[in-house]
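*Asks:* Starting from these lines, generate the structure:
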Amino acid sequence: MAFGKAAAELGRLDHGAVSLVVREKERVIKQSEVLEYYPTEASLDDVGGLGQLKHWLDRRGRASAPGRATSAWTLRRVLLLGVQGCGKSLLAKAVAATWQFPLLRFDMGKVFGGIVGQSEGNIRTALQVAQALAPCVLWIDEIEKASPAWAARTRPTAAPRRGSSARC
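*Replies:* Take a look at the predicted model:
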C-alpha cells in the first residue's frame, strides 16, 4: 500500500521514495490507535553485553537483507523475555534501526476496553496492521498486562508490616 502510493506519486521506486513510504506507514500506524510508530536512532553497539545474541541478529539481518533470496536464515520472529531493565526495549530499538525496519510499539495497556470483544478486536487490528507493514519490528510492551493473573504472580510482594496494626 505504501509502495503503491510512492510509485503513483513519484512515478518510480528508488532511494528517494523511502521517506514517502515511511510517512505513509506512520500514517497507517497512527490510524490503528493501538500501535505507535517509534522512531529510533539506537544501534547494536548501544546494547551492553549480549554478544552472542548481537552476532546472531547481525547474521540474520544480513541474510534477510532486501534483494537476498529467501533462505533458511530468514528471520521471522524473536521473543525477548527478561526482568525489567535488562535491555529488551533497547535491543528492539537497535534491531529496528540496524535493519532499517519500522519499529511498532504495541502497548498492552491500550488494548483493553470495557465493551465485550473490544480487547480481542484491538489485538486483531494491531496484528493486521503489523502484518500489512511487514517487514517491521513489533515491540510488544508490558505484555504482562495481557494476563492479570500472571502480572499478580510476577509482582513483588510487600514485606509484612511490623507496626502496631500488624499486632491487631
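
*Asks:* what helix or strand is Ile140 on?
*Replies:* strand 137-141 (DSSP states H and E).

*Asks:* Can you list the buried residues in that strand?
*Replies:* 137-141 (16 or more other C-beta atoms under 10 Å). No exception for glycine: its C-beta is placed from N, CA and C like everyone else's.

*Asks:* Then stretch 33-51?
*Replies:* Buried, per 16+ other C-beta under 10 Å, within stretch 33-51: 34-38, 40, 42, 44, 47, 50.

*Asks:* show me where pLDDT drops low in the protein?
*Replies:* For the chain, the stretches with pLDDT under 70 are 1-10, 12-13, 15, 63-75, 113-114, 146-168.

*Asks:* One more pass at 80, please.
*Replies:* 1-25, 28-33, 60-78, 109-118, 142-168 (pLDDT under 80).

*Asks:* could you pull out the helices for it?
*Replies:* 2-10, 18-32, 51-63, 88-99, 118-132, 148-154 (DSSP state H).

*Asks:* now these as a markdown table including distance to Leu79?
*Replies:* A markdown table is the format used below for the helices of the chain (distance: least, C-beta to C-beta, whole Å):
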| stretch | distance to Leu79 |
| --- | --- |
| helix 2-10 | 27 |
| helix 18-32 | 22 |
| helix 51-63 | 12 |
| helix 88-99 | 10 |
| helix 118-132 | 15 |
| helix 148-154 | 15 |
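
*Asks:* With respect to Phe106, which of these lies nearest?
*Replies:* helix 118-132 (5.2 Å; C-beta to C-beta).

*Asks:* Quick check: buried residues in the closest one?
*Replies:* Here helix 118-132 shows 122-123, 125-126, 129-130 as buried, counting by 16+ other C-beta under 10 Å.

*Asks:* Mind checking which of the buried residues of stretch 33-51 are in strands?
*Replies:* 35-37 (DSSP state E).

*Asks:* Save those residues as CSV, and put in distance to Met108 too.
*Replies:* Formatted as CSV, those follow (distance: C-beta to C-beta, whole Å):
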residue, distance to Met108
Leu35, 12
Glu36, 13
Tyr37, 17
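
*Asks:* Name the surrounding residues that touch the strand holding Ile140.
*Replies:* Here strand 137-141 makes contact (C-beta atoms under 8 Å, 6 or more residues apart in numbering) with 38, 89, 92-93, 95-96, 99, 101-108, 130.
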